[in-house]
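**Q** this one's structure only:
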């Protein structure tokens with residue numbers, strides 16, 4: 001049976017108002033069910049993403065499914081603690097009384113997923129939404145059509161649309177969804193589309209979490225462990241063929257180690273067969289993005305790679321040297337296996353150049369100098385990052401994941417995700433057996449004197 005978007009939203013709102021999702025047992029049951037459903041469809045999910053990206057089973061499990069299983073297990077284990085009423089202290093002015101905070105679900109949530117990690121970035125936000133007690137409508141990206149279809153089928157075949165539904169479609173479908181009134185919108189994608197989502201949400205005063213992107217820098221300093229730094233950087237950059245929002249977008253390398261760094265990059269890349277056949281690279285998502293990436297490769301600045309196979313939507317791992325902030329590759333988020341390298345002489349100048357760009361989603365600094373580390377972490381504003389590593393901060397659920405400024409707002413992962421779909425209701429609970437009269441009329445100098453002592 002086909003349901004209109006408006007009907008699905010209304011049905012979910014009615015179901016939410018019934019109070020069924022407020023039960024912790026109900027939420028745990030649904031989370032366990034979702035885990036079981038993903039496990040049942042795991043083989044089909046692996047086959048579907050291989051059709052869309054030529055993504056290997058290894059990468060599909062490690063980069064997508066294992067993260068979902070981990071998030072589900074943690075939510076199931078900790079949901080009771082996250083949902084507990086929180087006692088807080090009461091000030092003297094309100095004596096005698098108790099004060100506490102009640103976590104309650106926001107309501108009907110819309111989750112708009114992204115194409116680059118289609119399972120993880122669509123289903124991961126659903127987990128904290130269910131844990132918080134919301135109903136959810138998921139709009140997966142239509143670009144990887146096989147993964148979208150699989151998610152739609154597995155949800156429709158196992159969940160009541162009143163509680164959890166998938167709506168497939170293109171931009172027109174997303175536009176129609178955004179015309180509805182939701183109690184929470186969670187969007188993962190580009191900054192450009194994020195602005196559209198934010199504007200639509202503002203019409204209904206709907207709170208939003210925006211997980212966007214940006215040009216995430218990595219600093220290679222003169223006293224880093226070069227071999228290990230390059231090893232970790234290359235892995236982070238080429239994972240998913242660079243189509244990762246927290247991938248190092250460009251390198252700021254100290255002039256004294258530029259040559260050794262460029263040579264180490266070449267050696268590290270050549271250690272591995274980075275190809276579609278080996279399963280170490282995935283396809284670029286579509287022809288449009290292949291052409292976009294091809295235009296970012298300046299032949300005069302190629303240090304390594306640079307080949308583009310349009311037939312197979314493959315871009316070779318590419319290192320560009322002698323890059324400046326004015327180059328085309330520095331005007332947009334790369335989102336592909338192209339790594340621009342910019343040389344710096346003075347750390348202060350390098351930090352200022354990064355500051356002049358919109359605040360990035362991530363930042364990485366490779367150094368053994370605590371002063372350099374502290375300067376970069378203190379002076380630059382970014383969503384999150386790592387010291388002497390890249391991307392791995394997102395694997396720790398105790399670290400909230402989110403952006404700042406153009407790279408996003410709000411956060412999730414672990415308890416932070418639960419909080420993003422929750423309203424914390426503050427309560428002052430006061431008995432009637434005692435009442436002080438200072439707040440009541442008439443106003444007198446003596447009352448004012450005591451109030452100043454209590455509030456001053």
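**A** Thanks, I have it. In this text, all values refer to a predicted model and were calculated from it rather than measured experimentally.

**Q** hey, let's count contacts and neighbours off CA atoms from now on
**A** Will do.

**Q** give me the contacts around stretch 65-82.
**A** Outside stretch 65-82, the residues within contact range by Cα atoms under 8 Å, 6 or more residues apart in numbering are 24, 28, 31-32, 35, 119-120, 123-124, 127-128, 131, 397, 413-415, 418.

**Q** and stretch 149-158, by the same measure?
**A** By Cα under 8 Å, 6+ apart, the list of residues contacting stretch 149-158 reads 37, 38, 41, 44, 45, 48, 119, 164, 165, 166, 167, 168.

**Q** tell me which element residue 238 is part of?
**A** Assigned by DSSP states H and E, residue 238 falls within helix 226-238.

**Q** narrow the contacts of stretch 149-158 to those in strands?
**A** 164, 165, 166 (DSSP state E).

**Q** the strands in the stretch 201-350 of the chain, which residues?
**A** Using DSSP state E, counting those that start in this stretch, the strands found in the stretch 201-350 of the chain span residues 208-211, 217-220, 250-254, 302-304, 308-309, 314-315, 318-320, 338-344.

**Q** export those to JSON lines and tack on mean neighbour count?
**A** Formatted as JSON lines, the strands of the stretch 201-350 of the chain follow (neighbours: other Cα atoms under 10 Å):
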{"stretch": "strand 208-211", "mean neighbour count": "26"}
{"stretch": "strand 217-220", "mean neighbour count": "26"}
{"stretch": "strand 250-254", "mean neighbour count": "23"}
{"stretch": "strand 302-304", "mean neighbour count": "19"}
{"stretch": "strand 308-309", "mean neighbour count": "14"}
{"stretch": "strand 314-315", "mean neighbour count": "24"}
{"stretch": "strand 318-320", "mean neighbour count": "23"}
{"stretch": "strand 338-344", "mean neighbour count": "24"}
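
**Q** these into a markdown table, with extra columns for mean pLDDT?
**A** What follows is these, written out as a markdown table (pLDDT from 0 to 100):
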| stretch | mean pLDDT |
| --- | --- |
| strand 208-211 | 97 |
| strand 217-220 | 98 |
| strand 250-254 | 98 |
| strand 302-304 | 98 |
| strand 308-309 | 98 |
| strand 314-315 | 98 |
| strand 318-320 | 98 |
| strand 338-344 | 98 |
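
**Q** let's have these in CSV, adding distance to residue 181.
**A** As requested, those are exported to CSV (distance: least, Cα to Cα, whole Å):
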stretch, distance to residue 181
strand 208-211, 12
strand 217-220, 37
strand 250-254, 39
strand 302-304, 49
strand 308-309, 44
strand 314-315, 41
strand 318-320, 45
strand 338-344, 40
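
**Q** buried only: go through the contacts of stretch 65-82 for me.
**A** With burial judged by 16 or more other Cα atoms under 10 Å, the buried subset of those is 24, 28, 31, 35, 119-120, 123-124, 127-128, 131, 397, 413-415, 418.

**Q** now, which of those residues sits nearest residue 429?
**A** Closest to residue 429 out of the buried ones among the contacts of stretch 65-82 is residue 24 (23.8 Å), distances taken as Cα to Cα.

**Q** return the residues in contact with residue 215.
**A** 248, 249, 250, 332, 333, 334, 360, 361.

**Q** which of those lies closest to residue 194?
**A** Closest approach between the contacts of residue 215 and residue 194, by Cα to Cα: residue 361, at 13.8 Å.

**Q** from what I can see that closest one touches residue 217, true?
**A** No: using Cα atoms under 8 Å, residue 361 is not in contact with residue 217, being 9.4 Å away.

**Q** quick one, domains of the chain?
**A** 5-212+407-424, 217-402 (automatic domain parsing).

**Q** distance to residue 438 added to these, as CSV?
**A** Listed next are the domains of the chain as CSV, based on distance: least, Cα to Cα, whole Å:
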stretch, distance to residue 438
domain 5-212+407-424, 10
domain 217-402, 44
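
**Q** figure out which of those is closest to residue 445.
**A** domain 5-212+407-424 (17.8 Å).

**Q** number of residues surrounding residue 454?
**A** Neighbours of residue 454 under the rule other Cα atoms under 10 Å: 11.

**Q** correct me if wrong: it contacts residue 91.
**A** No: when contacts are counted by Cα under 8 Å, residue 454 is not listed as touching residue 91 (9.3 Å).

**Q** could you list the low-pLDDT ranges of the stretch 151-300 of the chain?
**A** Residues of the stretch 151-300 of the chain meeting the criterion pLDDT under 70: none.

**Q** in the helix or strand that contains residue 30, which residues are buried?
**A** Assigned by DSSP H and E, residue 30 falls within helix 24-40. The neighbour-count check on helix 24-40 (16+ other Cα under 10 Å) flags 24, 27, 28, 30, 31, 34, 35, 37, 38 as buried.

**Q** before we move on, what about stretch 96-105?
**A** 96, 98, 99, 100, 101, 103, 104, 105.

**Q** now the last one: how far from residue 84?
**A** Noted for residue 105: a distance of 13 Å to residue 84, by Cα to Cα, to the nearest Å.

**Q** swap in the second one?
**A** The spacing between residue 98 and residue 84, counted by Cα to Cα, is 16 Å.

**Q** for the fourth one, same thing?
**A** With distances defined as Cα to Cα, the gap from residue 100 to residue 84 amounts to 10 Å.

**Q** tell me where the stretch 351-456 of the chain has helices.
**A** 370-379, 415-420, 445-455 (DSSP state H, counting those that start in this stretch).

**Q** least reliable of those by average pLDDT, please.
**A** Ranked by mean pLDDT, these bottom out at helix 445-455, with a mean of 87.

**Q** quick one: that helix to chain centroid distance?
**A** Its chain's average C-alpha position is 49 Å from that of helix 445-455, according to Cα atoms, centre = their mean, to the nearest Å.

**Q** what sits up against that helix?
**A** Applying Cα under 8 Å, 6+ apart, the contact partners of helix 445-455 are 92, 93, 438.

**Q** count the neighbours of the first one for me.
**A** Other residues lying near residue 92 total 10 when counted by other Cα under 10 Å.
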